[in-house]
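Visitor: With the sequence up front, the predicted model follows.
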Amino acid sequence: MGKSIALSARQLECLRLASLGHTSSEIASSLGISIRTVDQYFGEACSRLKVRNRTHAVAKAVAMGLIEAPAP
């Protein structure tokens, strides 16, 4: 059986907003946190998902059902 990947609520929220096309700056502003914190969330999410960048992290999170795909 596949191992479940645990992401924090903030990491998932950052991935969800990135899937909608938001930049790190826009995500930071909407969540009331610093851009550096957003980038740290993406870094940890990428590590846990075993991918190299946020685009791949979003794609893998959608494929795994961790976040919903954005509406076309």
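Guide: On my side now, so go ahead.
Visitor: so where is this protein shaky, pLDDT-wise?
Guide: Along the chain, segments meeting pLDDT under 70 span 1-3.
Visitor: which residues in this structure form helices?
Guide: 9-19, 24-31, 35-49, 54-63 (DSSP state H).
Visitor: for those, which one sits closest to Ala71?
Guide: helix 9-19 (10.5 Å; CB to CB). C-betas here are computed from N, CA, C, even on glycine.
Visitor: coming back round to it: figure out which of the helices of the chain is closest to Pro72.
Guide: From the helices of the chain, taking CB to CB, the stretch that ends up closest is helix 9-19, at 12.2 Å.
Visitor: returning to what we had before: who wins for proximity to Ala69 among the helices of the chain?
Guide: Scanning the helices of the chain with CB to CB as the criterion, the closest one proves to be helix 54-63, at 4.8 Å.
Visitor: next one: that closest one to chain centre, how far?
Guide: 7 Å (CA atoms, centre = their mean, to the nearest Å).
Visitor: likewise stretch 7-23?
Guide: Between the mean C-alpha location of stretch 7-23 and the chain-wide mean there is a distance of 4 Å, by CA atoms, centre = their mean.
Visitor: Send over it as CSV, restricted to the C-alpha atoms.
Guide: Included here for stretch 7-23 are C-alpha records, laid out as CSV according to Å, rounded to 0.1, in the frame of the first residue of the first chain:
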residue,chain,number,x,y,z
LEU,A,7,1.3,18.2,4.5
SER,A,8,0.3,21.0,6.8
ALA,A,9,-2.8,23.0,6.3
ARG,A,10,-0.7,26.0,5.4
GLN,A,11,1.4,24.0,2.9
LEU,A,12,-1.8,22.8,1.3
GLU,A,13,-3.3,26.3,1.2
CYS,A,14,-0.1,27.6,-0.5
LEU,A,15,-0.3,24.8,-3.1
ARG,A,16,-4.0,25.5,-3.7
LEU,A,17,-3.4,29.2,-4.2
ALA,A,18,-0.4,28.4,-6.5
SER,A,19,-2.6,26.1,-8.5
LEU,A,20,-4.8,29.2,-9.2
GLY,A,21,-1.8,31.1,-10.5
HIS,A,22,-1.0,33.2,-7.5
THR,A,23,2.6,34.3,-6.9
